[in-house]
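Undergrad: what's the 3D shape of this:
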Amino acid sequence: MPSVDHSLGTDSVVENICRLNPDLLAEPCQHVLSYLQGQTKGVDSAEMCDIFQRAGVTLGHESLQSIIRFLLLTFRSAAKSKLAADDLVSRLEEGSRKWSKASLQVLHSLWSEHGESVQVQQATQDLLSVGRLVDMQWKVGLAVSSDTCRSLNSPFVTILLKIAEPSGQISQKAFEMTVPQFQNFHKQMKELAAVMETI
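TA: Here you go, the predicted structure:
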């Protein structure tokens, strides 16, 4: 199961989660699930802190942040693994022996209700995720044979892009352009850079 802030440790986070009564535990879970379903832009820890204080539960900011991170990682991991609610509870029990039955019932119930839509949203986000350009190299060569050059012995430009994928892996993409295509590409990059400087 996902790791949590190592300064507190998984068992400590689980103990803090189990201090919450089922209705109160449902609050941060609902906020996290709403975020993972794409319904909100994030989980507001200040709002969670106010809810806990009104209920008479005092948790330090770091403890509350660790609970939210734990729930985010747990539900996101369950979505990627396409876990059923029973499987989620089993994995949580394997990760820590500190779980209370009531807390696990809350997580089971909420995952049964929202798990499928979280899985769909996470899969959609994975499809729409865009990599980040890490490095770009280019070199000029001379065409001996080509599909795009009209005559042999024409110069061409090879471009190698290194892209950090959303998964964290770096991939390489290579492609060739004729010199006029490269000049047009260069012009467009200069225009893009000029526009970005005004932002």
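Undergrad: Every contact and neighbour count from this point should use C-alpha atoms.
TA: Noted.
Undergrad: What residues of the longest helix along the chain count as buried?
TA: In the chain, assigned by DSSP state H, the helix with the most residues is helix 101-128. Going by neighbour count (16 or more other C-alpha atoms under 10 Å), the buried part of helix 101-128 is 103-104, 106-108, 110-111, 114-122.
Undergrad: For stretch 181-191, the averaged confidence score.
TA: Averaged across stretch 181-191, pLDDT comes to 89.
Undergrad: quick one: buried residues of it?
TA: Under the neighbour-count criterion of 16+ other C-alpha under 10 Å, stretch 181-191 has residue 182 buried.
Undergrad: And for it, what's in contact with it?
TA: With contact meaning C-alpha atoms under 8 Å, 6 or more residues apart in numbering, stretch 181-191 is reached by residue 157.
Undergrad: mind checking the SS state of residue 161?
TA: Going by DSSP: H, G, I helix; E, B strand; the rest coil, the secondary structure assigned to residue 161 is strand.
Undergrad: Also residue 43?
TA: coil.
Undergrad: Please verify my assumption that it contacts residue 32.
TA: Yes. At 6.1 Å, residue 43 counts as touching residue 32 under the criterion of C-alpha atoms under 8 Å.
Undergrad: domains in this protein, as residue ranges please.
TA: Residue ranges for the domains of the chain, per automatic domain parsing: 10-128, 132-198.
Undergrad: Highest mean neighbour count out of the ones you listed?
TA: Highest mean neighbour count among these (mean count of other C-alpha atoms under 10 Å): domain 10-128, with a mean of 17.
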